[in-house]
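Trainee: here are the coordinates; sequence isn't available:
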C-alpha cells in the first residue's frame with residue numbers, strides 16, 4: 001500500500017485549516033437571523049433618532065455628569081452617518097503628571113440625559129497609556145552623547161491623538177437562546193425587550209504612532225474623534241482579535257509586537273485582509289517545506305563541488321548582521337524571530353561547507369578543517385575569480401555609504417551606526433554575493449549541484465515577501481531588500497532551463513536520477 005509523503009500530509013493539513021477558517025469567517029459575518037419563536041429585535045427598528053455624546057473623566061466608573069467633561073455632542077445624528085470631530089481637550093493636572101484619562105461614549109435617544117435614560121448605551125475606554133519615551137537619534141560627528149542620554153528612558157503618559165468608535169447598523173433579530181457570544185459584552189436590553197444599539201470603542205485600530213507624549217506643560221492636546229458605522233461580522237471579528245491580543249500579551253509579546261499585529265488588521269481593507277490571510281498560510285507552508293528540504297540537502301551533502309563556499313559564508317555573515325540590525329531597530333518579533341532562526345541555520349551550513357570537526361588533544365579542544373578534492377579545488381578557483389571582480393565595486397561602495405551615513409544621518413549610538421552601515425551595505429549590494437553561484441553555474445555549464453526543490457520553495461516565498469513588505473511595518477531598507485532577490489531568482493530559473501539535468505546518465509557529481517527512480521520503485525514494490 002502506497003502511503004502519502006510527509007509533505008503531502010502537511011499540505012493537506014494546511015488546506016483543511018484554510019477551509020475551516022473560511023467557513024468560520026463566513027458564519028461570523030453572516031449569522032443566522034431569527035424568523036420565528038423567541039427573538040430579540042434591534043431597538044433601531046423602533047427608533048433611529050439618537051444622539052452621540054463623548055466625555056472625558058479621570059475615572060473609568062462614573063455615576064453622574066458632575067465628574068464628566070463634555071468634548072463632543074452630536075445630536076442631529078443617525079447611526080448610518082459617518083462623522084469626524086476635531087477638538088482640543090484640556091488635560092487635568094493629574095493627567096499631566098503621569099496620570100490617566102478615560103473617555104466615555106454615550107448613545108441614547110435625543111433630548112434624554114445620560115444616567116437618566118433607560119435606553120442608554122455606554123462604553124468606556126482608556127485615552128492614555130504608559131510607554132517608554134522614544135529613543136532619540138544624534139549626529140555622531142557634531143553632538144556629544146553621554147550614556148545617560150541614551151539609557152535614561154522612563155515610562156511616561158502618552159495620549160491618543162485619534163480615537164475611533166462605531167455602532168452596528170445591521171438590523172438583525174437574534175434568537176434569545178443563541179445570541180452571539182462576541183456581542184454579549186456590548187448588548188443591553190431596553191424596557192421593551194429589544195437590544196439597544198451595539199456601541200464599541202475600536203481598540204484594534206489604535207496604533208503606537210497615534211500616541212503623543214504628555215508632560216507637565218501640556219495644558220491642552222488635540223484629539224480627532226472618528227465615528228464609523230460597522231457590521232455585525234466586523235465587530236465579532238474585532239472581538240476575536242482583541243481576545244487574541246490579550247492572550248499574546250500574557251505570553252510575553254511586547255506592545256510593539258502587538259502593534260504590528262494590529263496594523264495587519266487595521267491598516268488593510270477586508271478583501272486585502274483575506275488575501276493576506278491566505279498568503280500567510282502559503283508562506284508558512286512554503287517556509288516549512290523549504291526548511292525541510294534545505295536541511296535534508298545539507299545534511300546529506302559531503303562535497304562542495306559546484307557550490308560557492310564564499311556565498312555560503314557571506315549568507316551566514318549577512319544573516320547575522322541583519323539580525324543585529326533588526327534587534328537594534330526594535331523591530332517586531334514577527335520579523336526578528338525568523339531572522340534569528342535563519343542566522344543559526346546559516347552558521348550550521350558554514351560548518352558543513354568547511355567540514356569543521358572538533359578534536360581533542362587531552363583536555364584541549366581544537367578545530368580542524370576537512371580536505372578538498374580536485375573538483376572542489378576547481379570550484380574554489382572559479383569562486384575566487386568571481387569574488388575578485390565583485391570586490392572592485394563592492395568594498396568602495398560600502399565604505400562610501402558608511403561615511404555618508406556618519407556625516408549626514410543621525411544615529412542612536414556608535415554601535416547603531418556600525419550595524420546600520422553594515423546592513424545598508426548588505427541590503428544595497430548584498431545580492432551581488434549571490435552572483436558567484438551564477439558564475440559557477442555558467443563556467444561549469446551545470447545546475448545539478450543545487451538543491452532545486454528547496455530553492456523553488458524559497459523562490460515562492462520571495463515573491464510572497466514582496467506582498468508582506470507593504471503590510472508589516474519594518475525598516476525601509478529591509479522592505480526594499482525584499483525585492484532585491486527577485487531578479488537573481490529569475491536568472492537562476494533561466495540557467496535551469498539553459499542547463500537541463502540529464503536524468504538518463506550519471507552526472508559530473510555522481511548522481512544518477514534514473515538509478516534513484518529505480519530504487520524508489522523497488523521500495524514501493526517491497
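Mentor: Nice, thanks for sending it over. All values derive from a computational prediction rather than experimental measurement. Numbering: from 1, shown residues only.

Trainee: next up, the contacts around the nearest residue to residue 326 once chain neighbours are set aside.
Mentor: Leaving aside its sequence neighbours, residue 326 sits nearest to residue 336 (C-beta to C-beta, 6 or more residues apart in numbering; 5.1 Å). Bear in mind the C-beta positions are built from the backbone N, C-alpha and C, glycine included. Going by C-beta atoms under 8 Å, 6 or more residues apart in numbering, residue 336 touches 323, 326-327.

Trainee: make TSV out of those and add pLDDT and neighbour count.
Mentor: Formatted as TSV, the contacts of residue 336 follow (pLDDT from 0 to 100; neighbours: other C-beta atoms under 10 Å):
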residue	pLDDT	neighbour count
323	83	22
326	77	23
327	79	13
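
Trainee: nearest to residue 108, of those?
Mentor: Nearest to residue 108 among those is residue 326, at 49.1 Å by C-beta to C-beta.

Trainee: the closest one and residue 339 touch, don't they?
Mentor: Yes. Using C-beta atoms under 8 Å, residue 326 is in contact with residue 339, at 5.5 Å.

Trainee: among the contacts of residue 336, which ones are in helices?
Mentor: Using DSSP state H, the subset of the contacts of residue 336 located in helices is 323, 326-327.

Trainee: in a markdown table: those, plus distance to residue 363.
Mentor: Converted to a markdown table, these look like this (distance: C-beta to C-beta, whole Å):
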| residue | distance to residue 363 |
| --- | --- |
| 323 | 34 |
| 326 | 39 |
| 327 | 36 |
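
Trainee: low pLDDT regions in the stretch 251-400 of the chain?
Mentor: Within the stretch 251-400 of the chain, the stretches with pLDDT under 70 are 267-270, 272-273, 276, 304-307, 330-335, 362, 368-373, 375-376, 379.

Trainee: picking that back up, are we agreed that the residue nearest to residue 326 is in a helix?
Mentor: Yes. Counting by DSSP: H, G, I helix; E, B strand; the rest coil, residue 336 falls inside a helix.

Trainee: now it: how far from residue 323?
Mentor: Distance from residue 336 to residue 323, counting by C-beta to C-beta, to the nearest Å: 7 Å.

Trainee: same check, this time on residue 117
Mentor: Distance from residue 117 to residue 323, by C-beta to C-beta: 57 Å.

Trainee: one more: residue 54?
Mentor: Look at residue 54 and residue 323: by C-beta to C-beta, they are 45 Å apart.

Trainee: what do you get for residue 407?
Mentor: To residue 323, residue 407 is 27 Å away according to C-beta to C-beta.

Trainee: over to residue 115?
Mentor: As judged by C-beta to C-beta, residue 115 and residue 323 stand 55 Å apart.

Trainee: what is the neighbour count of residue 496?
Mentor: Using other C-beta atoms under 10 Å, the number of residues around residue 496 comes to 16.

Trainee: just the helices in the stretch 101-250 of the chain please.
Mentor: For the stretch 101-250 of the chain, applying DSSP state H, counting those that start in this stretch gives helices covering 147-151, 232-250.

Trainee: which non-adjacent residue is nearest residue 442?
Mentor: Distances taken as C-beta to C-beta, 6+ apart place residue 495 nearest to residue 442, at 7.4 Å, with adjacent residues excluded.

Trainee: so residue 493, which of the three states?
Mentor: Classification of residue 493 using three-state DSSP returns helix.

Trainee: next one, pLDDT for it please.
Mentor: At residue 493, the model reports a pLDDT of 77.

Trainee: quick one: it and residue 172, what's the gap?
Mentor: 52 Å.

Trainee: those two: which is more packed in?
Mentor: Taking neighbours as other C-beta under 10 Å, residue 493 and residue 172 compare with residue 172 leading, 18 against 14.

Trainee: one step back: any chance of the helices of the stretch 101-250 of the chain in a markdown table with mean pLDDT, mean neighbour count and distance to residue 210 as columns?
Mentor: Below are the helices of the stretch 101-250 of the chain laid out as a markdown table (pLDDT from 0 to 100; neighbours: other C-beta atoms under 10 Å; distance: least, C-beta to C-beta, whole Å):
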| stretch | mean pLDDT | mean neighbour count | distance to residue 210 |
| --- | --- | --- | --- |
| helix 147-151 | 48 | 10 | 26 |
| helix 232-250 | 86 | 16 | 16 |
